[in-house]
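Peer 1: quick one: sequence plus predicted model below, questions after.
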Amino acid sequence: MKLISKVFLFALFISLSFSCSDDDEAVIETNTIVDVAIENNLSSLVAAVTRAELVTTLSSNGNFTVLAPTNTAFQTFLQTNGYNSVNDVPVEVLKNILMNHVITGELKSTDLTTGYQKTNAISAASNTEMSIYVNVGAQVKFNGTSTVQIPNVEADNGIVHVVDAVIDLPSIVTFAVADPNFESLELALTRESDFNYVSTLSTKVGTNPAPFTVFAPTNDAFASLIGELSNVNSLGDIPKATLESTLNTHVIAGFNYRATGLSNNMTLNTLGGQLTVDLTGSVPKLVDPNSRTSDITATDVQANNGVIHAIRTVVLE
């Protein structure tokens, strides 16, 4: 009887040992952002992430919001930019474009509000994270070009929103067009057929005269200017020469001055004249040659070729 008991215990021990071994070798299922992309047939995104060597990053324990372009979106992007496939896109370019779709922190659709977020893409003008404009309306749109098609696909390391367009690296013009607070500025920049502001402010870093610092008047600022000028009832009534000199006074070429780069009494040489920075009060201001002041109401909207600061009042030469 003792022998039978010993044989039974030995057999039980062997059985348990193999059972533990099987458990040790069991595959742990994951549901990372990369897994979500694979499971949702976002094959172009998976190919791009693989080529850009971002699989490890997007499979890590970080907490991300990822705007995931559809296969059709990638195909349109490639055709527009003259590429035959993802493999034709330079790796560093592809990596930065992909990181322009990644926001640190988990933002579900209910967490998104109209305004600016920072992406993980790095600006060539400042070596800092770039901005992305979120417009929450009937649909959620990013930088005025990419709309959410499928929101809130959950992953272990964040959230995925499937979007209908690849979000290219933004220029100054991108935000002037995307942000409705700058609608009057956009109209002013494009009012005259021979104005070249759009092409100039789209210039890439490394090509003169980029980068840029733009002090962007809001719609209310332009409305106040119209009330201030004589015989002017609308933006279209402002004489061409006056409008051009005014716009020039809001643009600095060759420098990307973020808020931390502005100091009290600093002289800023714009395309139209000099402005002075006033940091003596609780709100930073600009002072124009006519001693008119303008509050800087929002700072560091960072594009790839420059930075925008919103201002409350149009400055004059």
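Peer 2: Looks like it came in fine.

Peer 1: all contacts plus neighbour counts: C-alpha atoms, from now on.
Peer 2: Noted.

Peer 1: how about the helices in the stretch 101-250 of the chain?
Peer 2: 172-178, 183-189, 197-200, 219-228, 240-248 (DSSP state H, counting those that start in this stretch).

Peer 1: which of the residues in the last one are buried?
Peer 2: Using 16 or more other C-alpha atoms under 10 Å as the test for burial, helix 240-248 gives 243-244, 246-248.

Peer 1: by contact count, what packs against the helix or strand just after that helix?
Peer 2: Downstream of helix 240-248, the first helix or strand assigned by DSSP states H and E is strand 251-253. Using 3 or more C-alpha pairs under 8 Å, 6 or more residues apart in numbering; DSSP states H and E, the elements in contact with strand 251-253 are strand 212-217.

Peer 1: list the strands paired with the strand it packs on, with their directions.
Peer 2: strand 251-253 (antiparallel), strand 306-311 (parallel) (DSSP bridges).

Peer 1: that older thread, dump the helices of the stretch 101-250 of the chain to JSON lines, plus mean pLDDT and distance to N152.
Peer 2: Output for the helices of the stretch 101-250 of the chain, formatted as JSON lines (pLDDT from 0 to 100; distance: least, C-alpha to C-alpha, whole Å):
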{"stretch": "helix 172-178", "mean pLDDT": "99", "distance to N152": "23"}
{"stretch": "helix 183-189", "mean pLDDT": "98", "distance to N152": "30"}
{"stretch": "helix 197-200", "mean pLDDT": "98", "distance to N152": "35"}
{"stretch": "helix 219-228", "mean pLDDT": "96", "distance to N152": "33"}
{"stretch": "helix 240-248", "mean pLDDT": "97", "distance to N152": "41"}
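
Peer 1: quick one: closest of the ones you listed to P284.
Peer 2: helix 219-228 (16.1 Å; C-alpha to C-alpha).

Peer 1: and the pLDDT for the most centrally placed residue in the chain?
Peer 2: The chain has I132 as the residue nearest its centroid, 2.5 Å off, counting by C-alpha atoms, centre = their mean. In this model, I132 is scored at 99, pLDDT.

Peer 1: repeat for A26
Peer 2: With respect to pLDDT, A26 has a value of 57.

Peer 1: likewise F13?
Peer 2: At F13, the pLDDT recorded in the model is 43.

Peer 1: adjust the sequence numbering to begin at 469 for everything that follows.
Peer 2: Okay, using 469 as the starting number, the last item reads as F481.

Peer 1: picking up where we left off before, for the residue nearest to the centre of the chain, give me its contacts.
Peer 2: For I600, the contacting residues are 568, 584-587, 610-611, 638, by C-alpha atoms under 8 Å, 6 or more residues apart in numbering.

Peer 1: I'd like to know how far it sits from S511.
Peer 2: Separation of I600 from S511 (C-alpha to C-alpha, to the nearest Å): 24 Å.

Peer 1: which of the helices or strands spans the nearest residue to S713 once chain neighbours are set aside?
Peer 2: Closest residue to S713 apart from its sequence neighbours, by C-alpha to C-alpha, 6 or more residues apart in numbering: G740 at 5.7 Å. Assigned by DSSP H and E, G740 belongs to no helix or strand.

Peer 1: for G740, what are its contacts?
Peer 2: 713-719, 785.

Peer 1: one more time with 10 Å
Peer 2: Contact analysis of G740 by C-alpha atoms under 10 Å, 6 or more residues apart in numbering lists 712-720, 784-785.

Peer 1: could you do V523 as well?
Peer 2: 500-503, 514-517.

Peer 1: now that we have those residues, which one has the most neighbours?
Peer 2: I501 (27 neighbours; other C-alpha atoms under 10 Å).

Peer 1: so what's the predicted local confidence for that one?
Peer 2: Model confidence at I501 (pLDDT) stands at 98.

Peer 1: what of the one 4 residues further on?
Peer 2: According to the model's per-residue confidence, A505 sits at a pLDDT of 98.

Peer 1: going by secondary structure, the closest residue to it other than its chain neighbours is in what exactly?
Peer 2: Take A505 and drop its neighbours on the chain: the residue closest to it by C-alpha to C-alpha, 6+ apart is V514, 6.5 Å away. V514 belongs to helix 511-519 when elements are defined using DSSP H and E.
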